[in-house]
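> Mind looking at a prediction? Sequence and model below.
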Amino acid sequence: MQQWIKILLIGITVSTLILAASCTPPDSNVGSYAEDRALIEDLQARYMFALDFGDTDTYVSTFTEDGILDIRNGNPWQGREAIREIIGGMSEREEGQPQEEPQGPYPATGRHNITNIAIKIDGDKATGRAYWFHYGNNNPERSADVDSYGHYEDEMVKVDGQWLFSKRVIYNEQVADWIAPRENPCW
Amino acid sequence: MQQWIKILLIGITVSTLILAASCTPPDSNVGSYAEDRALIEDLQARYMFALDFGDTDTYVSTFTEDGILDIRNGNPWQGREAIREIIGGMSEREEGQPQEEPQGPYPATGRHNITNIAIKIDGDKATGRAYWFHYGNNNPERSADVDSYGHYEDEMVKVDGQWLFSKRVIYNEQVADWIAPRENPCW
Amino acid sequence: MQQWIKILLIGITVSTLILAASCTPPDSNVGSYAEDRALIEDLQARYMFALDFGDTDTYVSTFTEDGILDIRNGNPWQGREAIREIIGGMSEREEGQPQEEPQGPYPATGRHNITNIAIKIDGDKATGRAYWFHYGNNNPERSADVDSYGHYEDEMVKVDGQWLFSKRVIYNEQVADWIAPRENPCW
């Protein structure tokens, strides 16, 4: 065999191996910053719908099995069952106390919104910061009113391709004990 | 020819073919969840600018040719021309009735905002849920005021690489007949 | 050497070269619309945290070295040092004038939010439009209140893989000289 053929063969082999090592398979977008961020933004949105529409099952499922919900009241809840109890309990109490709701032409609603989502991703773990604010129409005229706001400090993990909250800490600027420290919690 | 050369050649051929089959071409990000979601978020933002700044042409172009706009008044509009008529008509009526605007030092404005965007994508079709709220300064002092909110239930299709609304249903918590049902409209 | 071996070798060489030219390396997601948009959304969020929490260093670092901040007062600031002076000065003035803050049970806060982010990307340059609004609780009851809004017109550049503001123009609907023109600033 001629010498140049041998060199050619070795060259092809090496370049093929380099290609095989560096080439992006079709599903490799999973893991890009954009892909992970997109999935986390979707999680954040679904969390809000579940919270505001009293969908406790979905709300709880946005946390990991041992996820932590901490509203800065000195008593964080850990685990889906603990979170279900407190969130489900809130909905039940609301339903059981219609007398506290001002008279109005139809049921009042309240909605939580998320903005300013900053996310750092490190493999299957992510750290998030975001603002939240709430408006509702719990008044006789059903007029819209912003009534509270704060920020989130989140830890998330990717479990079986799905991002979940492993820890959500909620700061609230309407309650003295739950307000944010002065320093920037973001980066 | 030596036997090992033949084996080497076959090996290279097979690995090259596998590479050719699995390798991601540069434009293959189109179609990833992140890419589609990014384009839909952009659509949602451009829709809002067009709505609030009275840009009827752009507003109408965010819908498919036979797209449906349904504000829950029992009378959905279908098709760009029908949508143009109702949206363009709104702007004209506003311009023709300055007497309804409170006195103020400069023209009042109103702005619609979108938050909590949840999106499911299935090929060239997408389903969306999101919150909207509106603030404005239509008062003598031009002070900012949130005055209404609700949510969107969207169906979108990708036409020639561009995402468009094929159906947008708008729920509004300030009008008894347009409020959302109690159950979670998201997933 | 047999003829078919030569043809095979040439075929492998050509297909390997095509692969090498077309194949997406792992970091090539950088540059997709989704990836750039994700990074810019993150920039927008971090800007807000830095602004509201008085983190001048981080705020300034969201601009390019010769970046421009223009709040439509006829006097745009250019360069990080000029921006630092005006933004840092604002924080100091606020800290130096507690007498202007209404009495309350704990320090008042204010928060800027961004929504409706439209972004066009052209290589290492990007053009953005978005809405902003502000709420705070600077009142004796620390109750939440939306008090101002407007929109951003942004130019951004990618420097060493990081998106930065090269120019941010801020329109504000609460000040007669700073309001937006009537025509749609978006596309």
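Right, received. Where do you want to start?
> centroid residue for chain A?
In chain A, the residue lying closest to the centroid (C-alpha atoms, centre = their mean) is A:Gln44, at 3.7 Å.
> Now do stretch A:177-187, average pLDDT.
The pLDDT scores in stretch A:177-187 average 97.
> Can that stretch be said to contact chain C?
Yes. Using C-beta under 8 Å from any C-beta of the partner chain, stretch A:177-187 reaches chain C at A:Ile179, A:Ala180, A:Arg182, A:Glu183, A:Asn184, A:Pro185, A:Cys186, A:Trp187. Every C-beta, even on glycine, is put in place using the N, C-alpha and C of the backbone.
> Same question for stretch A:120-134.
Yes. Interface with chain C: stretch A:120-134 contributes A:Arg129, A:Ala130, A:Tyr131, A:Phe133 (C-beta under 8 Å from any C-beta).
> So which of those sit within helices?
Assignment to helices by DSSP state H places none of the residues of stretch A:120-134 next to chain C there.
> Would you reformat those residues as JSON lines and include pLDDT and distance to A:Glu173?
Formatted as JSON lines, the residues of stretch A:120-134 next to chain C follow (pLDDT from 0 to 100; distance: C-beta to C-beta, whole Å):
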{"residue": "A:Arg129", "pLDDT": "98", "distance to A:Glu173": "15"}
{"residue": "A:Ala130", "pLDDT": "98", "distance to A:Glu173": "14"}
{"residue": "A:Tyr131", "pLDDT": "98", "distance to A:Glu173": "10"}
{"residue": "A:Phe133", "pLDDT": "98", "distance to A:Glu173": "9"}
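> near chain C, anything from the longest strand seen in chain A?
Longest strand of chain A, by residue count under DSSP state E: strand A:145-159. Yes. Judged by C-beta under 8 Å from any C-beta, strand A:145-159 comes into contact with chain C at A:Val146, A:Asp147, A:Ser148, A:Tyr149, A:His151.
> what two of the residues you listed have the greatest distance between them?
Farthest-apart pair in the residues of strand A:145-159 next to chain C is A:Asp147 and A:His151; separation 16.1 Å (C-beta to C-beta).
> Roughly how far does A:Trp77 sit from chain C?
Applying C-beta to the nearest C-beta, to the nearest Å, the value for A:Trp77 to chain C is 25 Å.
> For that residue, give me its contacts.
Contact partners of A:Trp77, counting by C-beta atoms under 8 Å, 6 or more residues apart in numbering or on different chains, are A:Ile68, A:Leu69, A:Asp70, A:Ile83, A:Glu85, A:Ile86.
> Return only those of the residues of stretch A:120-134 next to chain C found close to chain B.
Okay, of the residues of stretch A:120-134 next to chain C, nothing touches chain B (C-beta under 8 Å from any C-beta).
> what comes into contact with stretch A:119-133?
By C-beta under 8 Å, 6+ apart, stretch A:119-133 touches A:33, A:36-37, A:40, A:44, A:112-118, A:146, A:148-158, A:163, A:170, A:185-187, C:42, C:45, C:48-49, C:111, C:113, C:135, C:144.
> try 6 Å
Applying C-beta atoms under 6 Å, 6 or more residues apart in numbering or on different chains, the external contacts of stretch A:119-133 come out as A:33, A:36-37, A:40, A:112-118, A:149-152, A:154, A:156-158, A:185-186, C:111, C:113.
> tell me which element A:Ile86 is part of?
Applying DSSP states H and E as the criterion places A:Ile86 in helix A:80-96.
> before we move on, what about A:Leu69?
Per DSSP H and E: strand A:63-70 holds A:Leu69.
> now for the helix or strand hosting A:Trp163, which elements pack on it?
Applying DSSP H and E as the criterion places A:Trp163 in strand A:162-172. Applying 3 or more C-beta pairs under 6 Å, 6 or more residues apart in numbering or on different chains; DSSP states H and E, one finds that strand A:162-172 contacts helix A:33-52, strand A:63-70, strand A:145-159.
> Taking their axis directions, that strand and strand A:63-70 sit at what angle?
Per axes from the mean of the first three to the mean of the last three C-alpha atoms, to 10 degrees, the angle that strand A:162-172 makes with strand A:63-70 is 10 degrees.
> quick check: angle from strand A:162-172 to helix A:33-52?
Going by the same axes, to 10 degrees, strand A:162-172 makes 60 degrees with helix A:33-52.
> Could you list the alpha-carbon positions for strand A:162-172 in PDB?
Extracted C-alpha coordinates of strand A:162-172, given in PDB (Å, rounded to 0.1, in the frame of the first residue of the first chain):
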ATOM      1  CA  GLN A 162     -38.200  18.400  34.300                       C
ATOM      2  CA  TRP A 163     -37.200  21.400  36.300                       C
ATOM      3  CA  LEU A 164     -38.700  21.600  39.800                       C
ATOM      4  CA  PHE A 165     -38.300  23.900  42.800                       C
ATOM      5  CA  SER A 166     -36.100  22.300  45.500                       C
ATOM      6  CA  LYS A 167     -36.400  25.500  47.500                       C
ATOM      7  CA  ARG A 168     -38.500  28.700  47.200                       C
ATOM      8  CA  VAL A 169     -38.000  31.500  49.600                       C
ATOM      9  CA  ILE A 170     -40.600  34.300  49.400                       C
ATOM     10  CA  TYR A 171     -39.900  37.800  50.600                       C
ATOM     11  CA  ASN A 172     -42.900  40.100  51.000                       C
END
